[in-house]
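Q: quick one, fold the following:
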Amino acid sequence: MKRLAIILLSLSCLASPLLATHNRAGEITLRQLDDLTYEITITTFTYTLSMADRNRLEVQWGDNTYSFAERKSITKLPNFYQKNIYITQHTFPGPGTYEIVVQDPNRNLGVKNIPNSVNVIFSITTTITINPILGSNSTPVLLNPPIDRAALGQIFIHNPAAYDPDGDSISYKLTVCTERDGKPIEGYTLPPASDTLYVNAFTGDLVWITPVDTGIYNIAMDIEEWRQGVKIGNIVRDMQIEVYKTDNNAPVQVSPGNFCVPAGTVLTFDIIATDKDNDSIFQTASGGPFIVEDAPATFTVDAATATRGYSKARFEWKTNCSHVREQYYTAIFKAEDNNPVISLVNITNVNIKVLGPAPEILNLIPGSNSITVLWHADTCTNVTGYEVYRKIGPAGYVPDSCTGGIPPETGYVKIGTVNNRLDTIFFDDNKGSGLIQGNEYCYVILSVYPDGALSFPSTEACTPLVAGSPSLLEVSVTEHSANGTIKVAWARPEGLDTIPANGPYEYIIFRSDNLLGQNQVQIGTINTSDLNDTVYFDNPVDTRMFPYSYSVELYNNEPGNRFMIGTPENASSLYPLLTGEDNRIVMKMMKSVPWINYDYTIYRLNNSTGEYDSIGFTTETKFIDDNLANNQEYCYKVTSSGWRILNDRLYENINFSHINCAMPVDTFPPCPPSINAYSLCDSGYNHVFWWITDDECYEDVVGYKLYFFPTINSDPAMIAEFFNRDDTAYNHYLEQSLTGCYYVTAIDSFQNESLPSVRVCLDECSNYVLPNVFSPNNDGINDIYIPLRTAYVERVDMKIFNRWGLKVFETEDPDINWDGKISGTDKLVASGVYYYICDVYEYRLSGLEAYT
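A: Now for the predicted structure:
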């Protein structure tokens, strides 16, 4: 009997090119020279005992071009490290986002968390966005080298000391080390930790708690650059950490905390380092304060007090206006011991914010409906302009030492900007609408710096308007119908200058059919000699549909001397806007009035009596009436209680709203179910099941929808719908693959659909099994070499070789169907042992994948 033995052996990785192995760590940074031209700096750290030593590196620019960067410097470091700096320039074709890639064979030998690191290409990437609207953009610079040492079982902390010269914000996260063309390394894992390994997204501290094995590890940190909430670039830094077993303990430093100072402050503090092993300590510092162009900070070790196990150094920074920026500066202090076996380091960070000094308001000049604000020019010559803020009444705000600008909770609202440091006058007439009589207006000025940083606020300054125009007190719906009535009342103008305006007088009343007083029409006049006629009833007016707003103009009505006095203000009627929700109605008080409403009383129509009953009150502009029946109409009206101070006199008012009606409707989705699933590979289906544990949530559900994703990145499709809340399982039969993800949603009686459940994914069934032996002797038994199982295999790449490496058969057919003959002939191969390589292509969660 002729038999062929097929021995399972993959040859896919038997051959690989012999490459030099030397790359340990590196990064790419860019500096903008003009609109489209950048200087690129590539920093690499290499193994000095390797034969490879690159004088230049190829740069792929992300615009379908490449060039070479020449090495400009070499620095020999301890422990067989070498620092290499490569610099070149490139002009991009136009605005856009470009990913710059530098790669070099290969990584150094023995990186424990990179499989077969000696044969893996080393690559680093940086992405830059060129956008003229956002302005110039250079990447952050990284001031601490990407190489470090850790001790087995001790907490390890490293910080890249990133500083952005443009003042952009920086965030940090871990990512995957990359190989050829910047692609993630297959099989890469983070170094093992006894507890955790993470990077602080805000400070950049890489924290490893704690290393559990000695050796070499590589970690990639994604350092992202943000401006105005938009990501404008990132650096993927590849760093190497060597973990040693040692009895040495890292030094300890005491941090003084963070600081916020106004420009002009001389900031000083001491950093004290101690070492429990009494090793001598070497203290250094890095970070933004030390590399600013104007008046950088200093860090001076106190040699006179240094002893074994103790060192003290002083930080000093004479801050000035050029240091003001929106982001904190980070100073990073490193203490390194001089242990004879292995030196260890300690890192501590101090964040420093430099704020601009507060401007000084010089004067407020009021008019009848406007105020002119004057202030002193800021002494910081890099100020680009000012922001002007206003509120009614003083806030009494005292800024804290770390907050520039003016918080919204103070009530101040920005009303204008000035774009020149020397322009120190602002005319406020409420953008042409005029300021309202009877209020005290307060102002705050902020200085603006080039990166958008705001100074401390000025001391607030307040003033009333010059008196004269009517001030509205009431707009009240007294009769609600198609021919209803609205009462309009105002205060008698006080402090009127009667020399130019000695009467008689005329009030002219205007009405608009919206809250803001747009498109007003005249509806009435009142002639008066003493200004005491201050009430007008608007009738007939349809009060059923929407709110109205009113204004009253005052004229000196003397023949030959007629003119308007002051500028009128607007006040609207109160309108309860209703939204029906599940078993409740949400009411929002719609109004635009110059007085302050301090509470609202809510009334609901009693269908039995025909009267409106009081059901509650609120001091907010929102009220919820709950425990209602869905699909039943409810009608409401509201009374507001308010007050207003005019010329030091308190006016109180009560205004009646329009009537409005609405129905509660269930718009709230039910709770999402929980889900699980498993594959029955031999039966060819996935069993999916779900449940709701909360009784109240369960009672709200009438059915479910089940969704399926063939791959992680595909769009979901609904595969089944269930109309009974007790139907909570489904068998999903699939032809191509049992791989995929599911989620389920719950449906209530109003057809509201819940949020999706947690997604559950299955990738369990690999059904391709090959036999070891077959016997092509035409006895009808085991004559053809075929797989034992082939379910869900899309195709294969099968090559069979004899013992001398000669290929005898090849196919892509998952069934293989080899009859033992040499491909293309009728010649049967000799009995013996044969070897194969078989790449099997199956649909997995990421799509069509191959495995050998």
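
Q: any idea how many residues pack against P576?
A: Using other C-beta atoms under 10 Å, the number of residues around P576 comes to 25. To be clear about C-beta, it is placed using only N, CA and C from the backbone, and glycine gets the same treatment.

Q: sheet partners, orientation included, of the one helix or strand it maps to?
A: Per DSSP states H and E, P576 falls inside strand 575-581. If you go by DSSP bridges, strand 575-581 pairs up with strand 584-590 (antiparallel).

Q: buried residues in the partner strand?
A: R584, I585, V586, M587, M589, M590 (16 or more other C-beta atoms under 10 Å).

Q: JSON lines for these, including distance to F563 and pLDDT?
A: Putting the buried residues of strand 584-590 into JSON lines (distance: C-beta to C-beta, whole Å; pLDDT from 0 to 100) gives the following:
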{"residue": "R584", "distance to F563": "53", "pLDDT": "93"}
{"residue": "I585", "distance to F563": "49", "pLDDT": "95"}
{"residue": "V586", "distance to F563": "47", "pLDDT": "96"}
{"residue": "M587", "distance to F563": "44", "pLDDT": "97"}
{"residue": "M589", "distance to F563": "37", "pLDDT": "96"}
{"residue": "M590", "distance to F563": "35", "pLDDT": "96"}
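
Q: and the two most separated of those?
A: R584 and M590 (18.7 Å; C-beta to C-beta).

Q: from the buried residues of strand 584-590, pick the one nearest T139.
A: Using C-beta to C-beta, the buried residues of strand 584-590 come closest to T139 at V586, 48.9 Å.

Q: hey, what's that closest one bridged with?
A: Beta-bridge partners for V586, by DSSP bridges, are T579, I624.

Q: show me what contacts it?
A: V586 is in contact with L578, T579, K622, F623, I624, counting by C-beta atoms under 8 Å, 6 or more residues apart in numbering.

Q: which one in the residues you listed is the model shakiest on?
A: Checking pLDDT across the contacts of V586, the minimum falls on T579 at 93.

Q: let me see the domain layout of the chain.
A: 23-244, 252-355, 361-464, 467-571, 574-665, 674-762, 766-851 (automatic domain parsing).

Q: which strand residues bridge T126?
A: I100, I235.

Q: Throw the contacts of V586 into JSON lines and include neighbour count and distance to I170, thanks.
A: Below are these laid out as JSON lines (neighbours: other C-beta atoms under 10 Å; distance: C-beta to C-beta, whole Å):
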{"residue": "L578", "neighbour count": "18", "distance to I170": "48"}
{"residue": "T579", "neighbour count": "14", "distance to I170": "43"}
{"residue": "K622", "neighbour count": "11", "distance to I170": "40"}
{"residue": "F623", "neighbour count": "20", "distance to I170": "45"}
{"residue": "I624", "neighbour count": "12", "distance to I170": "43"}
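
Q: which of the buried residues of strand 584-590 sits closest to R644?
A: Taking C-beta to C-beta as the measure, R644 lies nearest M589 of these, at 17.2 Å.

Q: ok so D181 is a helix residue?
A: Yes - using DSSP: H, G, I helix; E, B strand; the rest coil, the assignment for D181 is a helix.

Q: ok, it - contacts?
A: Q60, V101, Q103, S123.

Q: quick check: it vs Q228, distance?
A: 31 Å (C-beta to C-beta, to the nearest Å).

Q: same check on A335?
A: 37 Å.

Q: next: N430.
A: From N430 to Q228 the distance is 28 Å (C-beta to C-beta).

Q: for T203, same thing?
A: Taking C-beta to C-beta, one finds T203 at 22 Å from Q228.

Q: who has more neighbours, the two?
A: Taking T203 and Q228 together and counting by other C-beta under 10 Å, T203 has the greater number of neighbours (16 against 10).

Q: am I right that the more buried one is in a strand?
A: No - counting by three-state DSSP, one finds T203 to be coil, located in no strand.

Q: quick check: it vs D451, distance?
A: From T203 to D451 the distance is 20 Å (C-beta to C-beta).

Q: before we move on, the earlier item: please state the offset of the strand holding P576 from the chain centre?
A: How far strand 575-581 lies from its chain's middle: 33 Å, per C-alpha atoms, centre = their mean, to the nearest Å.

Q: over to stretch 733-748?
A: On C-alpha atoms, centre = their mean, the centre of stretch 733-748 falls 31 Å from that of its chain.

Q: which positions in that stretch come out as buried?
A: Buried residues in stretch 733-748 (16+ other C-beta under 10 Å): 734, 737-748.

Q: next helix or strand past the lowest-mean-pLDDT helix or strand in the chain?
A: Ranked by mean pLDDT, DSSP states H and E, the weakest helix or strand in the chain is strand 4-8, scoring a mean of 39. Going down the chain from strand 4-8, the next helix or strand is strand 23-32, by DSSP H and E.

Q: was I right about I232 contacting I170?
A: No - at 11.1 Å, I232 and I170 do not qualify as touching, with contact defined as C-beta atoms under 8 Å.

Q: which residues are common contacts for those two?
A: By C-beta under 8 Å, 6+ apart, the residues touching both I232 and I170 are E225, W226.
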